[in-house]
Structure formats: structure tokens, C-alpha cells
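J.: structural data only, the sequence is not supplied:
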């Protein structure tokens, strides 16, 4: 068993990190907090790492007009990080642990949480700033993303965002790029990209 338990580490997070998140508009209980602003949904989630000695801090951003990962629409208040089409993690400091270590003792756990709060300000803010306001963040995403430099599956999300904004030409550019590079076996993805082109 780790010297500091998951429950003890979560208690420290709920005292030191969660109030910062709530001050910034996040809401929720347990290990998932959400911030909903119009169609923009931000998700913060604490996930246990295997081995019981560390956790991951997951970040997710989603637009409620897009289907979630997996294809179904999820109400904003129920969106989990795994449903979000844009995802990342707050990187822990380099070390032997995968994820954020709970620590060998409470002093170390406290130190880890303090560092984590500062990394939220740096990494967390930087991630969510990309998906801050609507429609400005959508337009920025479309302008800054080279369709040929992203995975074909991601071109579908960008094409759908462009369609939602009424930018049919740009939607087609993303869909064509995805279609030209999608693996032959990705029949469902290809059908959805073709749907964009047909629309």
C-alpha cells in the first residue's frame, strides 16, 4: 500500500485545487468538475493510475453541438472527459511514477499538490484557453489547423465545426483531407466524411 492513500491525496486536492477551479467557474462533486459556457464545455477529471500510487489529471473540451467520442450526444452536464473531442493531461514532473505521485508521506503529498496547483495555472489554463469562447475559439481552431497534419478522425470534428459555423468550403477541405488519408478499414469514418461532402 502507498504511504499516502488515494483518499488522502484527493482530500488535499479538494482543499487546495478544487476551490481554485470553482473560483474559475467549474462546478461538480467527486472527481469530475465541469465548466459550461454556452455550447462550450470544459471538463477536469482525476483518474487513478494503475498501481495505486498516482493519478492522472485529465482535461477535456467539447462543443455541445458535436457528438461525443463514441458517436452519441451527451448532455453537457453529464459529459465526461472521455466524451470530449479535445483532450489532454496536466503533465507531472519527470520521475519514476506514471502520473502524479501521491507521495511517500503527507509532507511529500502536500508538496506535490502545491506544485500541481501551479501547473494547473500554467498547463490547465493554456489548454482551456484554446477552447474559451464561442464562436471565436471555433474560428481560431479552423484557421490554425492544417487539415493534412491531423489524424483523419480529427478532420471529421473540424469539418463538423466548420459546417456548424456555416463555412461549407472549409468543411469540405477538412473532409477531403480526412477522406484521402483514412485507412481502408475505417468505413464508418469514411461514410461520415462523405456525408459532409455530400451536404
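T.: Looks like it arrived, so ask away. Since the model is a prediction, treat every value here as computed from it, not as a measurement. Residues are numbered from 1 along each chain as shown.

J.: buried stuff in the helix or strand harbouring residue 13?
T.: Assigned by DSSP states H and E, residue 13 belongs to helix 6-16. Buried residues in helix 6-16, counted by 16 or more other CB atoms under 10 Å: 6, 9-10, 12-13. Glycine gets a C-beta too; all of them are placed from N, C-alpha and C.

J.: all helices in the protein, in order from the N-terminus.
T.: Under the criterion DSSP state H, helices of the chain are mapped to 6-16, 18-23, 106-119, 125-129, 136-144, 152-164, 168-181, 187-198.

J.: columns distance to residue 44 on top of the ones you listed, output as JSON lines?
T.: Formatted as JSON lines, the helices of the chain follow (distance: least, CB to CB, whole Å):
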{"stretch": "helix 6-16", "distance to residue 44": "10"}
{"stretch": "helix 18-23", "distance to residue 44": "6"}
{"stretch": "helix 106-119", "distance to residue 44": "12"}
{"stretch": "helix 125-129", "distance to residue 44": "9"}
{"stretch": "helix 136-144", "distance to residue 44": "18"}
{"stretch": "helix 152-164", "distance to residue 44": "21"}
{"stretch": "helix 168-181", "distance to residue 44": "28"}
{"stretch": "helix 187-198", "distance to residue 44": "29"}
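
J.: on that earlier part again, tabulate the buried residues of helix 6-16 (a markdown table), appending distance to residue 72.
T.: Supplementary listing: the buried residues of helix 6-16 in a markdown table, determined by distance: CB to CB, whole Å:
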| residue | distance to residue 72 |
| --- | --- |
| 6 | 30 |
| 9 | 33 |
| 10 | 29 |
| 12 | 35 |
| 13 | 30 |
